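Undergrad: Kindly generate the corresponding structure for this input.
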Amino acid sequence: MKHFKSTKSKILSKGDILLSQGEIAKYGYFVKRGCLKSYVIDSTGKERIMQFAPEKWMVSDLDSIANKVPSMVFIEAIEESEVLFLSNSDFEDIDNLDKDIIVEMAIKFRNNLIASNKRIIGLLSATSEQRYTDFIETYPSLVNRLSLKSIAAYIGVTPEYLSDIRRKIAKK
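TA: Numbers count the residues shown, from 1 in each chain. Modelled structure (predicted):
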């Protein structure tokens with residue numbers, strides 16, 4: 001990805017928190033290497049993963065960054081990662097942005113919106129097995145990189161039930 005004028009890159013350690021619930025988001029994060037996750041903690045204290053952001057993906061709380069409202073999500077590095085920090089000001093002077101950057105950003109935002117819509121539809125109407133299959137299609141590079149616990153938190157099942165789903169799919 002071509003750099004914006006004020007973009008900074010940073011190496012993150014596994015477990016580094018980029019954004020906490022309740023903070024005002026200052027950046028969007030483009031993953032050059034590694035993987036981030038966005039998640040919420042539900043009323044029972046359980047982590048609910050909203051999105052993974054592997055290489056070449058972006059993640060942020062767009063409502064928070066655009067409207068200066070408290071973030072509803074946490075964003076955390078789940079692997080050592082190299083991340084570009086993109087501030088709101090990077091996008092404000094759109095007339096001075098390189099056309100290639102605008103096109104690339106539009107594609108990334110479009111793909112993120114498509115993945116989010118598929119995720120919502122899956123949560124509302126798909127079986128656990130279908131949600132796991134959708135996870136594999138959306139994040140093929142993460143299937144063998146993430147723990148069962150992380151994948152299970154994403155599809156909304158226990159790690160034990162995810163093991164059952166994987167065994168069932170392997171038999172097919």
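Undergrad: By mean pLDDT, point me to the weakest helix or strand of this protein.
TA: Among the helices and strands of the chain, helix 89-92 carries the lowest confidence by mean pLDDT, DSSP states H and E, at a mean of 66.
Undergrad: helix or strand right after that one?
TA: Note on helix 89-92: by DSSP states H and E, the next helix or strand toward the C-terminus is helix 99-125.
Undergrad: looking only at pLDDT, what's the mean for that next one?
TA: For helix 99-125, mean pLDDT rounds to 80.
Undergrad: Could you double-check that Arg131 sits in contact with Gly122?
TA: Yes - counting by CB atoms under 8 Å, Arg131 does reach Gly122; the two are 4.9 Å apart. All C-beta atoms are positioned from the backbone trio N, CA, C, and that covers glycine.
Undergrad: residues near Lys14, how many?
TA: Residues near Lys14, counting by other CB atoms under 10 Å, number 12.
Undergrad: again with Thr138
TA: 18.
Undergrad: wouldn't it be in contact with Lys118 here?
TA: Yes - between Thr138 and Lys118 there is a contact at 7.0 Å, judged by CB under 8 Å.
Undergrad: can you pull the contacts of Gly34?
TA: Counting by CB atoms under 8 Å, 6 or more residues apart in numbering, Gly34 touches Leu12, Pro54, Glu55, Ala77, Ile78, Glu79, Glu80, Ser81, Glu82, Val83.
Undergrad: Pop out the phi and psi values for it.
TA: Backbone torsions for Gly34, taken as degrees, to the nearest 10, come to phi 100, psi -150.
Undergrad: same deal with Leu142?
TA: Note on Leu142: backbone dihedrals following degrees, to the nearest 10 are phi -100, psi -10.
Undergrad: wouldn't it be in contact with Cys35 here?
TA: Yes - counting by CB under 8 Å, Leu142 touches Cys35, with 6.6 Å between them.
Undergrad: Please say which of the two ends up with more neighbours.
TA: A count of neighbours by other CB under 10 Å puts Cys35 above the other of Leu142 and Cys35, at 24 against 20.
Undergrad: rewinding a little: quickly list what's touching both of Leu142 and Cys35.
TA: Joint contacts of Leu142 and Cys35 (CB under 8 Å, 6+ apart) are Phe52, Pro54.
Undergrad: For ChimeraX, write a command that selects the buried ones of the contacts of Gly34.
TA: If you want just the buried ones from these in ChimeraX, going by 16 or more other CB atoms under 10 Å, the selection is:
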select :12,54,77,78,79,81,83
